[in-house]
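Novice: Based on what follows, work out the 3D shape:
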Amino acid sequence: MRAVIQRVSRARVDIGDRVVGQIADGLLVLLGITHGDTEAHADQLVDKIIKLRIFEDREGKMNESIYDTGGGILVVSQFTLYADCSKGTRPSFVDAARPEEAEPLYNYFVQACIDTQLHVETGEFGEHMMLDFVNDGPVTILLGT
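Specialist: Numbering: from 1, shown residues only. Got it, this is the predicted structure:
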């Protein structure tokens with residue numbers, strides 16, 4: 001399981017002319033799932049994400065977590081995080097879990113985020129989505145299990 005975590009001042013995901021998820025200050029989480037990922041991996045990743053101290057405290061130091069600030073989380077599925085470009089210029093996605101394997105685990109991950117009592121919004125699994133966000137800092141963290 002891989003995640004790109006971006007600290008944002010706002011983030012929104014649209015499908016066509018419909019806004020399906022949006023947050024103000026918080027985290028945009030792009031989530032990729034590979035073969036063999038489990039609910040335990042999802043739990044571990046959610047725990048790490050909500051405890052990441054990447055928000056500034058009163059002294060301007062990155063010392064607070066999303067849990068401390070009470071910001072939102074926008075979770076978007078992104079199978080392209082498992083792109084392999086080692087053999088040419090056309091990415092292979094064989095390392096990304098097939099939708100029938102990935103979607104239940106994505107839904108589990110989202111529910112685990114919701115269970116933290118933070119405000120959680122999502123995109124729609126398997127859809128072509130447009131993301132609009134402002135990366136605050138910029139702060140971007142790569143996590144994996």
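Novice: contacting residues for the spatially most central residue of the chain?
Specialist: In the chain, the C-alpha nearest the mean C-alpha coordinate belongs to Val29, at 1.7 Å (Cα atoms, centre = their mean). Val29 sits next to Ala3, Val4, Ile5, Ile49, Ile73, Leu74, Val75, Val76, Cys113 when contact means Cβ atoms under 8 Å, 6 or more residues apart in numbering. Every residue, glycine included, has its C-beta placed from N, CA and C.
Novice: Same check on Lys48?
Specialist: Lys48 neighbours (Cβ under 8 Å, 6+ apart): Leu143.
Novice: if we can go back for a sec, ok, which pair from the contacts of Val29 is furthest apart?
Specialist: Val4 and Cys113 (15.1 Å; Cβ to Cβ).
Novice: show me where this structure has helices.
Specialist: 39-51, 66-69, 99-114 (DSSP state H).
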